[in-house]
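# task: produce atomic coordinates for the following.
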Amino acid sequence: MSRQTAPESDPNPLVREVYDELGELLQEGDDAFIEKGPARLADAIEQDGFFENVTTDPAAPDEYTREKVIGDPGEHVIRFMEWPPEYTLMPHEHHGRPCFEVLVDGHLTLSNLERTEVGDGEYAFDVVDSEVTDPGEPAVVDPRKNEIHAVYSPVRSRSLHVYPSDNWRAFGYVPKDDTPDNDVYERREFTLREPGD
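Below you'll find the model as predicted:
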């Protein structure tokens, strides 16, 4: 796989090495990417020096952070995220492509959701299954099985996420109103970053 960024723009050689290996897995297809990629990243973060120049901003109480670690133009990307305590990321989708995360510290719960249309552009959700990750453990989102999911962080947590492409927008589901017993959601488009960031 050809390198499209200068070596000095990489955080460190260990990050570049695993990034290139994940790119080779993507060239084999999405199955190889999610079957082999999480274990490869989990092994990489155990190496001394992996986190040299790899940081993420502290998360405010009501939002998470998502710092780009590495990503060649038009290619896959690794992002480092921090999640505040008791934070829930709304149900959302990933453009029909699989992705995965490896927990660095804390705990994350990934819940797969089944959507039911209950009105014009209005949806309710049922939890299909949930997975709790501990430090060093991966979680996979495979839209071929279930595309919509939510993330919950019971404590301050950090995780590395690998996406097959670096989209600047996403689709999420927000409550229709603020009433305490509301369980109806509307699908909305959100900007994740400025193009180029």
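# in stretch 158-178, what's buried?
158-164, 166, 172-173, 176 (16 or more other C-beta atoms under 10 Å). Bear in mind the C-beta positions are built from the backbone N, C-alpha and C, glycine included.
# which strand or helix spans the residue nearest to the spatial centre of the chain?
What sits nearest the mean C-alpha location of the chain, by C-alpha atoms, centre = their mean, is His161, with 4.3 Å. His161 belongs to strand 157-163 when assigned by DSSP states H and E.
# how about the helices of this protein, start to end?
Using DSSP state H, the helices of the chain run over residues 13-28, 30-45.
# surely Val18 meets Arg40?
Yes: taking C-beta atoms under 8 Å as the definition, Val18 is a contact partner of Arg40 at 6.2 Å.
# can you redo the helices of the chain as JSON lines with mean neighbour count?
Listed next are the helices of the chain as JSON lines, based on neighbours: other C-beta atoms under 10 Å:
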{"stretch": "helix 13-28", "mean neighbour count": "18"}
{"stretch": "helix 30-45", "mean neighbour count": "18"}
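# could you check how far the closest residue to Leu41 other than its chain neighbours is from Leu192?
Counting by C-beta to C-beta, 6 or more residues apart in numbering, the nearest residue to Leu41 once its immediate chain neighbours are dropped is Val102, at 4.9 Å. Using C-beta to C-beta, to the nearest Å, one gets 20 Å for the distance from Val102 to Leu192.
# ok, these two, which is more surrounded?
Set side by side, Val102 and Leu192 show more neighbours around Val102, with 24 against 12, by other C-beta atoms under 10 Å.
# distance check, the more buried one against Val127.
23 Å.
# dig out what Arg188 forms beta bridges with.
The partner list for Arg188 in beta bridges (DSSP bridges) reads Gly172.
# am I right that it is in contact with Phe171?
Yes: between Arg188 and Phe171 a contact is recorded at 7.1 Å, counting by C-beta under 8 Å.
# now do the strands in this structure.
65-70, 77-83, 87-92, 99-105, 108-119, 122-133, 138-141, 149-153, 157-163, 169-175, 185-191 (DSSP state E).
# how about these in TSV, adding distance to Phe51 and mean pLDDT?
Compiled in TSV, the strands of the chain are given as follows (distance: least, C-beta to C-beta, whole Å; pLDDT from 0 to 100):
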stretch	distance to Phe51	mean pLDDT
strand 65-70	10	94
strand 77-83	9	96
strand 87-92	22	93
strand 99-105	8	96
strand 108-119	18	94
strand 122-133	18	94
strand 138-141	17	92
strand 149-153	20	95
strand 157-163	10	97
strand 169-175	26	89
strand 185-191	28	89
